[in-house]
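In: coords below, sequence missing:
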Ligand SMILES: Nc1ncnc2c1ncn2[C@@H]1O[C@H](COP(=O)(O)OP(=O)(O)O)[C@@H](O)[C@H]1O
Ligand SMILES: N[C@@H](CCOP(=O)(O)O)C(=O)O
């Protein structure tokens with residue numbers, strides 16, 4: 001085998017109350033990563049936001065993964081996920097490269113082990129190791145990361161509308177504005193919502209999952225960065241969305257929806273952003289299966 005090519009999709013972390021713990025894989029948008037054995041480690045990035053993505057191996061999440069795995073490879077990243085969107089743009093190349101190198105050199109790592117290797121790659125972008133994007137990216141479904149524990153659960157069939165407004169929200173800034181402590185009542189609400197979400201996943205009930213996404217920690221402290229957030233959220237709910245949340249640190253908003261309503265919900269959300277003077281793009285997708293070798 002002289003190369004391995006993978007599809008590594010976007011992810012939506014936090015899912016409202018599950019800050020730094022929960023995440024869901026999407027199918028779209030996605031990166032394509034190709035890895036080949038080489039005399040030295042090199043990286044080439046093309047596609048969305050390529051100009052803002054470092055190609056020095058030690059500064060690129062994919063390069064840090066290859067260094068961690070001790071392999072000299074040439075890595076080609078065809079980026080389909082806009083950086084700074086709240087869709088795990090830095091996680092996808094890290095996760096895809098970990099899976100591809102594991103396959104190319106038959107290293108035998110489990111998917112869970114690859115999550116932790118990819119999480120180390122995230123340090124190149126976020127400044128710290130975090131797994132709540134790479135976990136769903138590799139495992140698919142909805143994932144839980146807690147300490148050194150990671151696992152996933154399949155979710156019921158539902159549409160996912162992801163609206164990406166023309167706003168830049170730096171994950172770093174979006175973390176700096178968070179309180180260091182929260183009142184007991186707020187903690188209870190978030191534990192309740194995160195528990196509801198996992199119960200909804202276990203019962204395969206998208207209504208329970210949807211209801212758990214809202215009035216949560218992430219929404220309370222970060223919706224301020226998204227002009228028109230409340231109107232856009234209301235527009236989705238009025239058309240029958242199960243629930244709406246900020247994706248990761250934003251600005252993307254996700255609406256979990258009945259498949260047949262996704263198109264009308266996406267149009268309504270975009271129209272509301274337009275009324276607030278904000279351009280946006282829509283992805284109508286579904287829960288992802290994790291990194292796919294293609
Ligand atoms: N493969 C990569 N390696 C290093 N930095 C990256 C990579 N991909 C994206 N970035 C940078 O990471 C920052 C945003 O990534 P991230 O924190 O994951 O936010 P988001 O998930 O919202 O895109 C941007 O500055 C982007 O240029
Ligand atoms: N838990 C993190 C997730 C960041 O996700 P991203 O897709 O915005 O990078 C946070 O909320 O800071």
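Out: Okay, I see it. Everything quoted here is computed from the prediction, not taken from an experiment. Ligands and ions are numbered 1, 2, ... in the order given.

In: Flag every residue of the stretch 151-294 of the chain that's near ligand 2.
Out: Proximity of the stretch 151-294 of the chain to ligand 2 is confined to 171, 174-175, 248-249 under the rule C-beta under 6 Å from any ligand atom. C-beta: built from backbone N, CA, C; applies to glycine.

In: need the residues you listed in JSON lines with secondary structure, can you?
Out: Output for these, formatted as JSON lines (DSSP: H, G, I helix; E, B strand; the rest coil):
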{"residue": "171", "secondary structure": "helix"}
{"residue": "174", "secondary structure": "helix"}
{"residue": "175", "secondary structure": "helix"}
{"residue": "248", "secondary structure": "coil"}
{"residue": "249", "secondary structure": "coil"}
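
In: What is the most widely separated pair among those residues?
Out: 175 and 248 (10.6 Å; C-beta to C-beta).

In: out of the two, which sits in the busier spot?
Out: residue 248 (28 against 17; other C-beta atoms under 10 Å).

In: Quick check: the more buried one vs ligand 1, distance?
Out: Separation of residue 248 from ligand 1 (C-beta to the nearest ligand atom, to the nearest Å): 5 Å.

In: Which of the helices or strands spans the closest residue in space to that residue that isn't next to it in sequence?
Out: Spatial nearest neighbour of residue 248, excluding adjacent residues (C-beta to C-beta, 6 or more residues apart in numbering): residue 86 at 3.8 Å. Assigned by DSSP states H and E, residue 86 belongs to neither a helix nor a strand.

In: Could I get the contacting residues of the residue of the stretch 151-294 of the chain found nearest ligand 1?
Out: At 3.7 Å from ligand 1, residue 171 is the closest residue in the stretch 151-294 of the chain, using C-beta to the nearest ligand atom. Taking C-beta atoms under 8 Å, 6 or more residues apart in numbering, we find residue 171 in contact with 84, 86, 126, 248-249.

In: rerun at 10 Å
Out: If you count contacts by C-beta atoms under 10 Å, 6 or more residues apart in numbering, residue 171 has them with 13, 83-84, 86, 88-90, 125-127, 130, 133, 248-250.

In: Then residue 60?
Out: Residue 60 makes contact with 41, 43, 45, 53-54, 66-67, 75, 77, 90, 93-94, 97, 121, 124-125 under the criterion C-beta under 10 Å, 6+ apart.

In: let's see it at 6 Å
Out: If you count contacts by C-beta atoms under 6 Å, 6 or more residues apart in numbering, residue 60 has them with 43, 54.

In: What's the local residue count around the residue nearest to residue 248?
Out: The number of residues packed near residue 86 is 30, by other C-beta under 10 Å.

In: quick one: it and residue 253 touch, right?
Out: No - counting by C-beta atoms under 6 Å, residue 253 is not a contact partner of residue 86; they are 8.5 Å apart.

In: what's in contact with the top strand by length along the chain?
Out: In the chain, assigned by DSSP state E, the strand with the most residues is strand 22-37. Contacts to strand 22-37, defined as C-beta under 6 Å, 6+ apart, come from residues 3-13, 15, 73-81, 92-93, 96-97, 100-101, 104, 132, 135-136, 140, 142-143, 283, 285-286, 288, 290.

In: Quick check: phi and psi at residue 47.
Out: Dihedral pair for residue 47: phi 100, psi -150, per degrees, to the nearest 10.

In: where does it sit relative to residue 7, distance-wise?
Out: Between residue 47 and residue 7 the computed distance is 13 Å (C-beta to C-beta, to the nearest Å).

In: More neighbours: the two, which one.
Out: residue 7 (22 against 15).

In: Can you classify that one by secondary structure?
Out: With three-state DSSP as the criterion, residue 7 reads strand.

In: Count the neighbours of the residue nearest to it when sequence neighbours are not counted for me.
Out: Nearest non-adjacent residue to residue 7, counting by C-beta to C-beta, 6+ apart: residue 292, 4.6 Å away. Counted with other C-beta under 10 Å, the neighbours of residue 292 add up to 16.

In: that older thread, quick check on the residue nearest to residue 248: phi, psi?
Out: Dihedral pair for residue 86: phi 90, psi 20, per degrees, to the nearest 10.

In: do the one 10 residues further on as well
Out: Main-chain torsions, residue 96, degrees, to the nearest 10: phi -60, psi -40.

In: and the closest residue to it other than its chain neighbours, bridged to which residues?
Out: Spatial nearest neighbour of residue 96, chain neighbours left out: residue 8 (3.1 Å); criterion: C-beta to C-beta, 6+ apart. With DSSP bridges applied, residue 8 shows beta-bridge pairing to residue 31.
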